[in-house]
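> Structure of the sequence below:
(3 chains)
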Amino acid sequence: MPELPEVETTTRGLAPHICGQTVKAVNIYQTQLRWPIPLEVQHLEGQLSGNIERRAKYMLWHFTTGSVVMHLGMSGTMRVVDAGTPLKKHDHFEVVFDNGKALRLNDPRRFGAVLWQPKDSELSIIHSLGPEPLSNDFDGDYLHHKLAKRKGAIKNAIMTNAVVVGVGNIYASESLFLSGIHPKRAANRVSKTRCQLLANNIKLVLEKAIQQGGTTLKDFTQTDGSPGYFAQQLNVYGRAGEACPNCQSVIKKITLGQRSSFYCPSCQN
DNA sequence: ACTGGATCCTGATCGC
DNA sequence: TGCGATCAGGATCCAG
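Next up, the predicted model:
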């Protein structure tokens, strides 16, 4: 489901199908997502679609009058289908094009979002986003500086969008494992050297996952596969009770910020 | 200014 | 087999 790599893959996959198409109709079947879908998106009818890009886990789909901002939440998927194809359960939002195709958002849990961002303005949820993890704006020095006043757990810190975007629950655990840092360690007590290591490992893990993005998406479109998609490549996530690949200690599971966290008690401190 | 907790919602799975 | 409790890959908002 929607970790950063999947949003990236979705964005890339969607682009050739929707960019340059003219919108014939916009259909809202369930307005109540994370926030109500604004009526402005209806005004897209007749407009020519521009390009689509990813920012954090949001997709920004540009039109001349503004942009559609889409988020997949925990359970969202987007598909391009032939217009008129029977709706599936939890299809909430649809954009029909002149070429007979339609873009559909399906989201069982409805944690996703469809918003409208007028031209030359920026929604606050976009404005407040920290740097992209794969950009040069994000490195060890930046991270160390940013964490200086954060006393909470390092794992929560790297999952905070104001610090860095796109690090989900899985990759937070994985990158901390690779860096030998205990998830509960106070963020401001991670040394500069270790911040550099951590920043590099976040990039590494995400890049690797993006390479697998296609597979990820495919797995997901198939029948479920909850913990599974990336499973072979995960060192600690979802592996409580198993042996640490480095030292054979038993991997532990704790709860941090209401999210499951996995770590090796010997390798990480 | 930072942080922990509640919160939105459905569905799959686990334990009894 | 049934049923309630628990857990999911997100992230904003709000009280303290």
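> Run through the residues that contact the closest residue to DNA strand B within the stretch 151-269 of chain A.
Of all residues in the stretch 151-269 of chain A, A:G152 sits closest to DNA strand B, at 3.3 Å by Cβ to the nearest atom of the strand. For the C-beta atoms, the positions are set from N, CA and C on the backbone; glycine is no exception. A:G152 makes contact with A:A186, A:A187, according to Cβ atoms under 8 Å, 6 or more residues apart in numbering.
> what's the distance between it and DNA strand C?
Distance of A:G152 to DNA strand C, given as Cβ to the nearest atom of the strand, to the nearest Å: 11 Å.
> Which pLDDT value goes with that residue?
Looking at A:G152, its pLDDT is 95.
> Can you tell me how far it is from A:P183?
Note on A:G152: its distance to A:P183, by Cβ to Cβ, to the nearest Å, is 11 Å.
> Low-confidence ranges, chain A, go.
Along chain A, the parts satisfying pLDDT under 70 run over A:1, A:213-232.
> What residue spans form the domains of it?
As given by automatic domain parsing, the domain ranges for chain A are A:4-127, A:140-263.
> Include distance to A:L134 when you put the ones you listed into a markdown table, please.
Below are the domains of chain A laid out as a markdown table (distance: least, Cβ to Cβ, whole Å):
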| stretch | distance to A:L134 |
| --- | --- |
| domain A:4-127 | 9 |
| domain A:140-263 | 6 |
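> wait, what's in contact with the closest residue to A:H71 other than its chain neighbours?
Distances taken as Cβ to Cβ, 6 or more residues apart in numbering place A:A113 nearest to A:H71, at 4.3 Å, with adjacent residues excluded. Shown in contact with A:A113 (Cβ under 8 Å, 6+ apart): A:L33, A:R34, A:W35, A:V69, A:M70, A:H71, A:G73.
> Against DNA strand B, how distant is the closest residue to the third one other than its chain neighbours?
When the adjacent residues along the chain are set aside, A:W35 lies closest to A:A113, with 5.8 Å between them (Cβ to Cβ, 6+ apart). Noted for A:A113: a distance of 10 Å to DNA strand B, by Cβ to the nearest atom of the strand.
> Can you list phi and psi of A:A113 for me?
phi -150, psi 150 (degrees, to the nearest 10).
> does the longest helix seen in chain A come close to DNA strand C?
Counting residues, the longest helix found in chain A (DSSP state H) is helix A:192-211. No - residues of helix A:192-211 contacting DNA strand C under Cβ under 7 Å from any atom of the strand: none, with a closest distance of 9.1 Å.
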